[in-house]
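Asks: sequence first, predicted model second:
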Amino acid sequence: MMKSWLIDTNVLIYSYDQACQFHQSSYEFITYSLSAELNLVISHQNLLEFIAVVTNPK
């Protein structure tokens, strides 16, 4: 059976935020994971957290 990997909210945020010091490595990790056909999972909670952070005007 194939393992599933839950992507942490921080990895999503880092890969989105180009000003973040972890942007490049996070983006490459997600890109590699998708190309390697790993079973990546993003939960509903992760999406809500991601949207809350990236849309916060602070």
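Replies: Thanks, I have it.
Asks: now do stretch 18-34: distance to the chain's middle.
Replies: For stretch 18-34, the gap between its own C-alpha mean and the chain's C-alpha mean amounts to 8 Å (Cα atoms, centre = their mean, to the nearest Å).
Asks: and if you look at stretch 43-58?
Replies: 11 Å.
Asks: any buried residues in that stretch, and which?
Replies: 46, 49, 50 (16 or more other Cβ atoms under 10 Å). Where you see a C-beta, it was placed from the backbone N, CA and C, and this is true even at glycine.
Asks: closest to residue 17 among those?
Replies: residue 50 (10.7 Å; Cβ to Cβ).
Asks: now that closest one. Nearest residue, chain neighbours left out?
Replies: Closest residue to residue 50 apart from its sequence neighbours, by Cβ to Cβ, 6 or more residues apart in numbering: residue 12 at 4.8 Å.
Asks: okay, the buried residues of stretch 43-58 in a markdown table with distance to residue 17 and pLDDT next?
Replies: Shown next, in a markdown table, are these (distance: Cβ to Cβ, whole Å; pLDDT from 0 to 100):
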| residue | distance to residue 17 | pLDDT |
| --- | --- | --- |
| 46 | 15 | 97 |
| 49 | 14 | 97 |
| 50 | 11 | 97 |
